[in-house]
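> Predicted model and sequence below, questions to follow.
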Amino acid sequence: MPLAAGPKKNLLTSLTTHHAPSTTHPIPLLRSPMLWQPSLPESYTRATPDDLRARITARRQELGSRLIILGHHYQVDDVIRHADITGDSLKLAQAAASRVAESGAKFVVFCGVHFMAETADMLTPDDVAVILPDLSAGCSMADMADYDDAVVAWEQIETTLTDQRAPARVIPITYINSSAAIKAFVGERGGAVCTSSNARMVLEWALAGGDQPKKKAEKIKVLFLPDQHLGRNTAASMGMDVSVDTVLYDFRKTRKGDGVGGATPEQIARAQVILWAGHCSVHKLFRPEHVDQIRTAEAGLPEAQRTRVLVHPECMKEVVDRADLAGSTEYIIRTIDAAKPGTKWAIGTETNLVERLVKSAAARGVRARILSDCQCMCTTMYRIDQPHLCWVLDMLAAGKVVNQIKVLPKVKELAMSALDRMLRLTAGAGSAVKGDAAKWTAGPVAATVD
Ligand code: SF4
């Protein structure tokens, strides 16, 4: 029975101990809520960083192999130092699943954001509690794609294609930076999840018909959620003319009654890829002017002495077009780790990660800096701090699980089908979105699925 059939259902997926599901509100009230995080007692908020560090270390020892702490690359050093495993979202969720299988751990504390904890919950056994130290650590991009808006968009697109006499099969793809509800929406409709390193492979698979190969003369379209920039950059890397072959679907415009997400029916009928109007509020801070500034300042330098611009594909296309290289967080790390001494780099991604890369690169004679001087920090990641980490560990030591992120079984089943399609498709390999780092590194930089 399709989830989209009949009256819209609230599929809020991650219900914590603080929240109950709502199934009775009309659509406008079914937007994913900001989860509420109670204030911490002063014993946490007034403690010094050193005191908190010692308390967390003691609790980790006490909880032993029952506990795994995961730290996303964008976390501050004070948090990263306590992590058993660091990585980006999928790598961490997969690593947690393997570590749980080896050690029998029962608690996974995810120092990241909400959708990441959901993915970890889906990949670990049901008796493992996945905990987010601060419930208000969401992701602005994931929050821009709401299940009910996606259902409305799907119906609007199908109606438009019928009205335009432009029959096409639409296959949805969602970037892993999305809620479990959106992954379920995609899974139910035969689509797949993608990461920033395998987006092209997944998009090619979808345009070839997905799990049901395209029939002769059949038209396929992709609805790409929620990051318009990753979708547009990937389409461009495949040679599409993004001004014609892609179109932006802005759910905010649909809410105001403005066309098909602000697009014309003809644009929807013509496009191969319909891009959801979501974006990362951190990566959008990198501007083409930042790259232009570097190019202008170094115009007189020999090629070998110029700064290499390396960015994440969540940056806008105008930035990726001007950059030398674009790829996932893990690709960025591997490129800088392999950079030849004497090379110079400007990196367009989250500031906490860049600061760590700058330090490690300097020790090897590699000069790196962030592409923009603005505070390109993920403020929602920043909500995870030592006080909240210490608090959840104290609660665990006292036998109380707080801030558990639990995906509902039906949502998990559908979301996993979208995730499994990606894993089957891309086992072991991925690619940079743009460029080949080999000229400026000690060897080729592989981009695996991360
Ligand atoms: S950096 Fe952007 S995409 Fe990543 S968690 Fe923060 S807001 Fe979301």
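Looks like it came in fine. Here the structure is a predicted model, which is why all the values come from computation and not from measurement.
> ok, then the element right after the lowest-mean-pLDDT helix or strand in the chain?
Lowest on mean pLDDT, DSSP states H and E among the helices and strands of the chain sits strand 14-15, with a mean of 40. Proceeding N to C from strand 14-15, the next assigned helix or strand is helix 42-45, under DSSP states H and E.
> Give the buried residues for that next one.
Neighbour counts over helix 42-45 (16 or more other C-beta atoms under 10 Å) mark Y44 as buried. For glycine as for every other residue, the C-beta is placed from the backbone atoms N, C-alpha and C.
> Give me the pLDDT for the residue of the stretch 51-200 of the chain found nearest the ligand.
Across the stretch 51-200 of the chain, the shortest distance to the ligand (C-beta to the nearest ligand atom) belongs to C139, at 3.2 Å. We have a pLDDT of 96 for C139.
> Can you give me the distance of it to T162?
Using C-beta to C-beta, to the nearest Å, we find C139 at a distance of 34 Å from T162.
> okay, these two: which has more neighbours?
Taking neighbours as other C-beta atoms under 10 Å, C139 and T162 compare with C139 leading, 23 against 11.
> Thought A117 was touching that one, still the case?
No - applying C-beta atoms under 8 Å, one finds C139 not in contact with A117, separated by 10.7 Å.
> Then D321 would be within a helix, right?
Yes - the assignment for D321 (DSSP: H, G, I helix; E, B strand; the rest coil) places it in a helix.
> Near it, how many other residues are there?
The burial count for D321: 14, using other C-beta under 10 Å.
> Make 3 the starting number, not 1.
Right, with 3 as the first residue, what we last looked at is D323.
> SS state for V224?
Three-state assignment for V224 (three-state DSSP): strand.
> which SSE is I349 in?
strand 346-350.
> returning to what we had before: compute the distance between the residue nearest to the residue of the stretch 53-202 of the chain closest to the ligand when sequence neighbours are not counted and L94, please.
Closest residue to C141 apart from its sequence neighbours, by C-beta to C-beta, 6 or more residues apart in numbering: V115 at 4.4 Å. Computed with C-beta to C-beta, the distance linking V115 and L94 is 11 Å.
> just to revisit the earlier point, quick check: what element follows the strand holding I349 along the chain?
Toward the C-terminal end, the helix or strand that comes next after strand 346-350 (DSSP H and E) is helix 353-364.
> Strand partners (parallel or antiparallel) of the helix or strand that that following helix is followed by?
Using DSSP H and E, the helix or strand that directly follows helix 353-364 along the chain is strand 369-372. Using DSSP bridges, strand 369-372 pairs in its sheet with strand 346-350 (parallel).
> tell me which residues of the partner strand are tucked away?
Under 16+ other C-beta under 10 Å, the buried positions of strand 346-350 are K346, W347, A348, I349, G350.
> Right, I'll leave it there.
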